[in-house]
Each structure stands twice: as C-alpha cells, then as structure tokens.
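**Student:** model this:
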Amino acid sequence: MQIGEFHELVIVKEVDFGVYLASERGEILLPTKYLPEEVKIGKTINVFLYKDSEDRLIATTLQPYGKLNDFVALEVRDSAPHGAYMDWGLEKDLLVPTKEQPQPYRIGEIHVVRICLDYKTDRLIGVGKINAFLDNDYTRLEEGQEVEILVYGETELGFSAVVDQEYSGLLYKNEVFQPVRIGDKLRGYVKKLREDGKIDLRLGQVGVEAIDINGEKILKLLKNNDGFIGLHDKSSPEEIILKTKMSKKAFKKAIGGLYKQQLIEIKENGIELK
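**Tutor:** Coordinates of the predicted model:
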C-alpha cells in the first residue's frame, strides 16, 4: 500500500475525532472534517493517503491536484531556505526541496513538478527537475495523434511540454497563435517524432483534418458576427491571427474548404455565410 495514492479502505472504528480505517499499514485515521455524511462500521471509503504536518500517516477525502508520479502545475505558497511549499489541494502543502528546484522558486510563481516519494523519510515531495523522469521511447505515439500537453518551460524556440504525462515535447513559438503560459494544460497533436527522442507539437492538426477544425472555428465566428467577417485571403497575417487565432496559411486553407462545400461566399471585403 503506497502513500500518495487513492485506496478503498473499510471503517473499523469510530472515535470522537474521526474514524479509523483498516490497512496493510495498520489502522489509519480519517479525521472528522473529511468524513462523508453516512458513516458506519464496515463502510468502504475511497481515500488519499499522505503524511500530515506531524509526520503521521493520514487519510483524506479531499482531492489533491495530483497523485504519486504525476506531473502537475502548482503555485508556490511559501518558501524557506530548505525549499518551497506548493499548494496542491491539501491542508499540508507539498514541499519542493531547494536541491530539487531547477531555479529558485518564488511565492506566487507557477511551476510544473513531479510528485515523488522520498524513500528516506517516506514523505511525498515535489521535484522540479523533471527531465530525468521523461521517457524518450515514444513507440506508443504516432504523428498526427492527439495528446495532452502540460507546458513547463519556455525557450527562444518555443514552449517545452510534458506530453501525455510521459514524454518531452516542444511547441514552436512561430506556430502558436494564442497566449501560452507555464502550467497551461492543453490538447495538441504530434507534429513530428524526432530521432533524438523529442517530440514536435502543434496545437492544431495538419492537413485535411486541420481544415475541418479551423473551418468549424470560422463558421462559429461567422454565426457570432451576423454571418460576416471582414477577412479575406489578402488580409494581413497579424489581423487574421488577432481575429481567428490561426495563421494566414491555415485561414486560407479553411476558407477554401468551406467555399468548396458551398458553406460560404468569398467577397472582396470579407467572407459571408451562404
């Protein structure tokens, strides 16, 4: 039985300050403030196990922002010489030791960390040096596949991201047409699987599928603007990005597809719903 995980445990004892649950580690306290409405001996409860501020194994029905071995984006709530304390949805904050921070964490900042078990102390900690945990064997992925993206860093080229909680990927800045920040969780697509084990990512699909998705965005914009948008293939890239959050190339492909489907008319001053 591992701390940092959810477990189905049975109530074996009621006391004034909560109930005790049977486990492989002995009886574990579930304090009164975490109790569901119906409590009785023999009832099974789904709880999360961690150690409280007094280093006691404790159960809670609260939902932390992540469990053991998850990559999560957390806010720094407090800091001390030995580490930073991150808000992860429980009363006791998650400690990221100073030696596990790639750079000093400051109060109010958002950082992506991996929730780990410190085997020396049997406590959960956060580790900000996450690259060591990212797998470069992406044989289960394929180009064009939809994936979950968790942005954890920014470089001159673009935004570094955890892909599907397993891999490392990069969103190129010149292909991103919306605000992106550290800690953002997004849906994206595998653009290219590189030989160095890294993954090039896109927020939009490529090819015919992209035309369909971007076409839907344009149709929605048209419907929300009385059936007309003052954009066309000669509009500036900046104006198109501002109004549609897509590149001029993607916009032209999309309106071309909508025109072929006879869903829009392309006029000198813009596009219009048929």
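
**Student:** and the nearest residue to Thr32 once chain neighbours are set aside, bridged to which residues?
**Tutor:** Leaving aside its chain neighbours, Thr32 sits nearest to Gly18 (4.7 Å; criterion: CB to CB, 6 or more residues apart in numbering). Just so you know, the C-beta spots here come from the backbone N, C-alpha and C atoms, and that holds for glycine as well. Bridge pairing for Gly18 (DSSP bridges) gives the partners Val15, Pro31.

**Student:** so who does Gly18 touch?
**Tutor:** Taking CB atoms under 8 Å, 6 or more residues apart in numbering, we find Gly18 in contact with Leu29, Leu30, Pro31, Thr32, Tyr34, Leu35.

**Student:** repeat for Arg114
**Tutor:** By CB under 8 Å, 6+ apart, the contact set of Arg114 is Asn69, Asp70, Phe71, Val72, Gly126, Val127, Ile130, Phe133.

**Student:** Filter those down to the buried ones and hand me the ChimeraX line.
**Tutor:** Listed next is the ChimeraX selection for buried residues among the contacts of Arg114, using 16 or more other CB atoms under 10 Å:
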select :70,71,72,126,127,130
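
**Student:** and the contacts of Arg114, which of them are in helices?
**Tutor:** With DSSP state H as the criterion, helices contain none of the contacts of Arg114.

**Student:** Go through the contacts of Arg114 and flag which are in strands.
**Tutor:** In this view, the contacts of Arg114 that belong to strands under DSSP state E are Phe71, Val72, Gly126, Val127.

**Student:** What segments of this structure are helices?
**Tutor:** 208-224, 237-244, 248-260.

**Student:** Name the nearest residue to the most centrally placed residue in the chain, sequence neighbours excluded.
**Tutor:** The centre of the chain sits closest to Lys185, judged by CA atoms, centre = their mean, with a distance of 3.2 Å. Closest residue to Lys185 apart from its sequence neighbours, by CB to CB, 6+ apart: Leu150 at 5.3 Å.

**Student:** surely the one you found meets Val162?
**Tutor:** Yes. The pair Leu150 / Val162 is scored as a contact, 4.3 Å apart, by CB atoms under 8 Å.

**Student:** Show me which of the ones in strands among the contacts of Arg114 is closest to Pro64.
**Tutor:** Relative to Pro64, the closest of the ones in strands among the contacts of Arg114 is Val72; by CB to CB it sits at 8.6 Å.

**Student:** Can you check the pLDDT for the closest one?
**Tutor:** On pLDDT, Val72 comes in at 98.

**Student:** what do you get for Val208?
**Tutor:** Looking at Val208, its pLDDT stands at 54.

**Student:** dump the residue contacts of Leu171.
**Tutor:** Contacts of Leu171 (CB under 8 Å, 6+ apart): Ile149, Val151, Gly158, Phe159, Ala161, Val180, Gly188, Leu201, Arg202, Leu203.

**Student:** out of the residues you listed, who's nearest Asn46?
**Tutor:** Taking CB to CB as the measure, Asn46 sits nearest to Ile149 out of the contacts of Leu171, at 28.9 Å.

**Student:** tally of neighbours for the closest one?
**Tutor:** Neighbour count of Ile149, defined by other CB atoms under 10 Å: 23.

**Student:** Check the gap between it and Arg187 for me.
**Tutor:** In this view, Ile149 and Arg187 are 7 Å apart by CB to CB, to the nearest Å.

**Student:** Find the residues that touch each one of the two.
**Tutor:** If you check Ile149 and Arg187 against CB under 8 Å, 6+ apart, the residues they both contact are Leu203.

**Student:** Identify each buried residue in stretch 249-258, please.
**Tutor:** With burial defined by 16+ other CB under 10 Å, the residues of stretch 249-258 counted as buried are Ala250, Phe251, Lys252, Lys253, Ala254, Ile255, Gly257, Leu258.

**Student:** can you put those residues in CSV and add distance to Tyr167 and pLDDT?
**Tutor:** Output for these, formatted as CSV (distance: CB to CB, whole Å; pLDDT from 0 to 100):
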residue, distance to Tyr167, pLDDT
Ala250, 25, 86
Phe251, 30, 89
Lys252, 32, 89
Lys253, 28, 86
Ala254, 29, 87
Ile255, 34, 89
Gly257, 31, 83
Leu258, 35, 86
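
**Student:** Can you lay out these as TSV showing distance to Lys274?
**Tutor:** Compiled in TSV, the buried residues of stretch 249-258 are given as follows (distance: CB to CB, whole Å):
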residue	distance to Lys274
Ala250	22
Phe251	18
Lys252	19
Lys253	19
Ala254	16
Ile255	13
Gly257	14
Leu258	9
